[in-house]
Every structure is written in C-alpha cells, then in structure tokens.
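S.K.: For reference, the sequence and a predicted model appear below.
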Amino acid sequence: AQRVTQPEKLLSVFKGAPVELKCNYSYSGSPELFWYVQYSRQRLQLLLRHISRESIKGFTADLNKGETSFHLKKPFAQEEDSAMYYCALGGSNYKLTFGKGTLLTVNP
Amino acid sequence: DAGVIQSPRHEVTEMGQEVTLRCKPISGHNSLFWYRQTMMRGLELLIYFNNNVPIDDSGMPEDRFSAKMPNASFSTLKIQPSEPRDSAVYFCASSEYASNSPLHFGNGTRLTVT
C-alpha cells in the first residue's frame, strides 16, 4: 500500500528563516515523489518532482530512500511562500497518493 | 490553454438533492482524475479515467456517487442523493499520461450539503 505522512499540519516561520516541510512515505516499489503547492485562492499546482532534481522558487527536495523521506527545504523563506504544501507519491500504477498537507505561514 | 475548468465553483444544496459537478480537462490530456478534499482525510482519489474509460473507481465512497466521461473534453461527478457528510471540495485533474505525469488541477468545486 502507498502511504504519505506529513507530520505537521501547520508550520510557522519568520521571513528569512530556513524552512523544512517534512514528508515520509511508505511504498514497496520504486517511488516517484512530488511536491504540490496551493497558494491562497489558486489551484493546486506542481512545485517540483524528485526525478527533475531541480530547484523551484528556491525550494529543493531530496529523495532519501533509506529514511523513506522527501523533505522540502528552502534556506530563506519569503512571505509569498505562505501556502498549503502537499507531498505526493506515485508508484508503478497511476495512483498519486497525497499527504494531508502542511500549511506554511511565513511571518514578516 | 485555460487549464482544467470546473463548474460550479460553489454549490449549496439540501440533503437528498442531486448534485452534478462538471470538469473540462486540458485538451490532449488522456487521463482524468476526481479528488475529494476534506480537513479530516486530505486529498482522496475518487475515480480515474484513461481515454474516457473508467479504470479504477475504488475510491468512490458509495453507490450514491457516480462519474462519467462521455468524451475526451468532459466529465461529470454526480451525487444522488446528497448527504451533509459529502460536503467537501471536489477537484478534477488531468494529465498527459497515466503513469506519474504531473497533474493539472482545476479550481475545485466547494460543495455544501445542508
């Protein structure tokens, strides 16, 4: 079974502080991991995927198969990063399993 | 491209009434998904279509829920009869391929059943 755990429902940081949104997954096969973001009053959209190994809006995420984690990190948070973040797991089938999300608030 | 288009944006109805949610996927995408979002359960996959054919509806909660995709550019999710516990935001998403392609989401329909 596929499972995604985002342990923090809410995360609040100050502008300029580092931020890390945690994501752990459970999957017996070869996983594909994604981070989706939903800004206020906007639709859910893809932020990044692990196979791209890219940085989007200053965010990076590294797949750690040993720890079954795919934490999202940014060294210096900005107020515009405030949003709902969802970690998602795709396996050999078509199902994309989402975590319950973490609401990030970046305070001025 | 306008992206995935859902209608209505908001729906308020009374218990027992029929509700129909609509979705227009991105042109050229051959996979379509319906998700339900609640505070308690997060994002749950309800049903998935590939080339207009329902592939997996195991996420559909009950027989009260049904979904159709009569052509590549239109899908509906129907709840009949609706119940207060169906209140949620319903998202439609499409992707180019079935397997792990990025999903493109609509704005969602916020359903309130009183």
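M.R.: Thanks, I have it. Residues are numbered from 1 along each chain as shown, chains lettered A, B, ... in the order given.
S.K.: Which secondary structure elements does the worst-scoring helix or strand of chain A on mean pLDDT sit against?
M.R.: When the helices and strands of chain A are compared on mean pLDDT, DSSP states H and E, strand A:96-98 comes out lowest with a mean of 87. If you count contacts as 3 or more Cβ pairs under 8 Å, 6 or more residues apart in numbering or on different chains; DSSP states H and E, strand A:96-98 packs onto strand A:3-5, strand A:83-90, strand B:42-50. For the C-beta atoms, the positions are set from N, CA and C on the backbone; glycine is no exception.
S.K.: so which of these is the most packed in?
M.R.: strand A:83-90 (a mean of 23; mean count of other Cβ atoms under 10 Å in any protein chain shown).
S.K.: Next, the angle from that strand to strand B:42-50.
M.R.: Interaxial angle, strand A:83-90 versus strand B:42-50 (axes from the mean of the first three to the mean of the last three Cα atoms, to 10 degrees): 50 degrees.
S.K.: Would you list the strands that strand A:83-90 pairs with, along with their directions?
M.R.: Strand pairing for strand A:83-90, using DSSP bridges, gives strand A:32-38 (antiparallel), strand A:96-98 (antiparallel), strand A:102-107 (antiparallel).
S.K.: distance between that strand and the chain's centre?
M.R.: Per Cα atoms, centre = their mean, to the nearest Å, the displacement of strand A:83-90 from the mean C-alpha position of its chain is 5 Å.
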